[in-house]
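1. Quick one: sequence and predicted model below, then my questions.
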Amino acid sequence: MLRPVALLLVLFMALPAAAVETMRIAMSEGRDEVQVSGQGLSLGMDTEDATFHPLGKSRVTVRRKGRKLEVNGAPVVGDAVRLRAGWVSDDAGVPGDAPLRAGDMRVRGDVVVRLYRDGLQLINVIPLEDYLAAVLGSEMPVSFPPEALKAQAIAARTYALQKKLEAYGSAFYMGSSVLHQVYGGVTSEDPRTRAAVEATRGEVLTYELAPIEAYFHASCGGHTESGQAALQRDLPYLQAVECPCGKLPSSRWSATVSEQELRDALEGSPEGLRIAGRTSTHRVTRMSTSGGATLDGARFRQRLGYTKLKSLDFEVERTAHGYHFTGRGYGHGAGLCQWGAKVLADGGWSYKDILSHYYPGAELQQLY
């Protein structure tokens, strides 16, 4: 059942009638100089009601000079500038929708360049729905069935809004890497991702009228994991549920790790390496050695590398070539399983059914 989300109305009522909800995404940092290009660039302050001034150029260079900023060699007031593309020079002063290139990415919306630590930071200020179209193309294969893409779109929208509320008032709300949601800019958009986002516009998942922490992952290997076990987040809608992805050959993986790699990860000898604890869904919670060394399962996977140990549902044995790991799934295992969503959508499940399965107890509501 769709109904208004009372908690978020406070946020949205503060917006002007013609405004759209935006995200502030950190793109990169650390440089002393950055080039920003786009059709008909204009410059303004980093505020939502800023006045933008056409630059008459399609490329500008922003530099850090000590504790000041320069745009094309001219000093500017403040610790941040905001650039916008597609300015139409008329009485109304209406910005267009042309993308910008900033650093290594092409993005929609505005680009903020600000002083940050010892260098510069790039922040993309982008309408939420445009952001989601690119996230969807970065996080899920666009060849997946429409109902799976819709489920992912709602999970990504919910996750983004929850992070925005958590970080409201900060310079940025999220990063663009796998630590939050992978965001690749314009090159990650696709007509199918646009269609999925538009078909679910404004729909979010809530629990007790607040947006849920809508975690997701690639493959759970047959059973998702509870939020507490996977992420130390004891949330009622992140529970272990059965998943059809375990029947897919792609959910299986193997990796061989050298003795030196294990020595570095354990900070000691791997002799007698064994699994010392598991969760109820068979995921490893602790590793130990005959020398008495122990390491938390999640830290063990982090140190060896997330792409090498794709999940914590694994077995290990010593071989002549090192230590051989065999496992199931890819990712932390909590929340929406993307490959499971594909299997369910292929079997006729709607996106609402898919979301109810992976986030039990959460409500689907229409925010705008």
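-> All right, it came through fine.
2. The helix or strand hosting Leu364 - contacts with which helices or strands?
-> Per DSSP states H and E: Leu364 is located in strand 363-366. If you count contacts as 3 or more C-beta pairs under 8 Å, 6 or more residues apart in numbering; DSSP states H and E, strand 363-366 packs onto strand 203-207, helix 351-358. Any C-beta I mention is one placed from the backbone N, CA and C, and that applies to glycine too.
3. The shortest one: how far from the chain's middle?
-> Averaging C-alpha coordinates over strand 203-207 and over its chain gives two centres that are 17 Å apart (C-alpha atoms, centre = their mean, to the nearest Å).
4. picking up where we left off before, redo the helices and strands packed on strand 363-366 as TSV? Include mean pLDDT, distance to His321 and mean neighbour count.
-> Shown next, in TSV, are the helices and strands packed on strand 363-366 (pLDDT from 0 to 100; distance: least, C-beta to C-beta, whole Å; neighbours: other C-beta atoms under 10 Å):
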stretch	mean pLDDT	distance to His321	mean neighbour count
strand 203-207	97	45	23
helix 351-358	98	38	21
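5. can you redo the ones you listed as JSON lines with distance to Gly291?
-> Compiled in JSON lines, these are given as follows (distance: least, C-beta to C-beta, whole Å):
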{"stretch": "strand 203-207", "distance to Gly291": "45"}
{"stretch": "helix 351-358", "distance to Gly291": "41"}
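6. out of these, nearest to Tyr183?
-> With C-beta to C-beta as the criterion, Tyr183 lies closest to strand 203-207 of the helices and strands packed on strand 363-366, at 18.4 Å.
7. Could you list the paired strands of that closest one along with their orientation?
-> If you go by DSSP bridges, strand 203-207 pairs up with strand 210-211 (antiparallel), strand 363-366 (antiparallel).
8. is the residue nearest to His180 when sequence neighbours are not counted in a bridge, and if so with what?
-> Closest residue to His180 apart from its sequence neighbours, by C-beta to C-beta, 6 or more residues apart in numbering: Met174 at 4.2 Å. With DSSP bridges as the criterion, Met174 is bridged to Ile25.
9. quick revisit: return the set of buried residues in the strand holding Leu364.
-> By neighbour count with 16 or more other C-beta atoms under 10 Å, strand 363-366 contains the buried residues 363-365.
10. tell me how far that strand is from the chain's mean position?
-> Centroid displacement of strand 363-366 relative to its chain, using C-alpha atoms, centre = their mean, is 21 Å.
11. Using JSON lines, lay out the strands paired with strand 203-207 together with mean pLDDT.
-> Putting the strands paired with strand 203-207 into JSON lines (pLDDT from 0 to 100) gives the following:
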{"stretch": "strand 210-211", "mean pLDDT": "95"}
{"stretch": "strand 363-366", "mean pLDDT": "96"}
